[in-house]
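Trainee: Coordinates only, no sequence provided:
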């Protein structure tokens, strides 16, 4: 069983990105143990706070992420990039220098939008950061979920069969990718 962190870039309670992330539990292969890792309470990264006693939220986040073997990032797009909360989590996890919790962890990126561009800009901007963080990232299939406002019922359950099938294929491919990526390291 592979422990996979699911990190959602949107903090909005009823976000489409959270709904897509929640749908992953229904479609992921049984070889993956998915866990939501919340990022909303992380104080903004400030190197001045990187002392012998950094903020407790940073320590808890870093410790939890060290136990994860892979990461799926689900992100909306804010101004052609990722939300500030997601960028902050990436920064908190990459410090202190030389002790990044990200290095070598296989990653997947799913971008979500009610619009037609499917958060393309955020997806690719996040991928740039993951290269620097030394996170081998699943290249194919790329996951852009557009029209997200039409994919769920009132209870937040995915109702679109094509999207369900795509996410199932994505997660199966991601599971195989994790296996290949970890064998290389």
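Mentor: Thanks, I have the structure now. Predicted, not measured: the structure shown is a model, and the values here were computed from it.

Trainee: which SS state does the residue most central in space within the chain fall under?
Mentor: By C-alpha atoms, centre = their mean, the chain has its centre lying nearest to residue 73, at 1.2 Å. Under the three-state scheme (DSSP: H, G, I helix; E, B strand; the rest coil), residue 73 adopts strand.

Trainee: Across the sheet, point out what pairs with it.
Mentor: Taking DSSP bridges as the rule, residue 73 bridges to residue 7, residue 109.

Trainee: End to end on stretch 154-165, go ahead and measure it.
Mentor: 21 Å (C-alpha to C-alpha, to the nearest Å).

Trainee: Could I get the buried residue list for it?
Mentor: 158, 160, 163 (16 or more other C-beta atoms under 10 Å). (C-beta placed from N, C-alpha, C; glycine too.)

Trainee: Backbone dihedrals for the residue of the chain most remote from its centre, please?
Mentor: What lies farthest from the middle of the chain is residue 52; by C-alpha atoms, centre = their mean that is 28.6 Å. Here is the backbone geometry of residue 52 (degrees, to the nearest 10): phi -60, psi -20.

Trainee: got it, and residue 9?
Mentor: phi -70, psi -20.

Trainee: where's it relative to residue 45, distance?
Mentor: 16 Å (C-beta to C-beta, to the nearest Å).

Trainee: Going by distance to residue 136, which of the buried residues of stretch 154-165 wins?
Mentor: Nearest to residue 136 among these is residue 163, at 25.6 Å by C-beta to C-beta.

Trainee: In a helix, the closest one, correct?
Mentor: Yes. Per three-state DSSP, residue 163 lies within a helix segment.

Trainee: residue ranges for the helices of this structure, please.
Mentor: Along the chain, the stretches classed as helices by DSSP state H are 16-27, 56-66, 84-93, 120-132, 161-184.

Trainee: Quick one: closest of those to residue 138.
Mentor: It's helix 161-184; of these, that one is closest to residue 138 (C-beta to C-beta) at 4.6 Å.

Trainee: Which residues does that closest one contact?
Mentor: 2, 4, 20, 23-24, 26-29, 31-32, 69-70, 72, 106, 108, 110, 136, 138, 140-141, 143, 145, 151, 158 (C-beta atoms under 8 Å, 6 or more residues apart in numbering).

Trainee: filter those to the buried ones?
Mentor: Applying a neighbour-count criterion of 16+ other C-beta under 10 Å, the buried members of the contacts of helix 161-184 are 2, 4, 20, 23-24, 27-28, 32, 69-70, 72, 106, 108, 110, 136, 138, 143, 145, 151, 158.

Trainee: Return the residues in contact with residue 105.
Mentor: Residue 105 touches 68-71, 135, counting by C-beta under 8 Å, 6+ apart.
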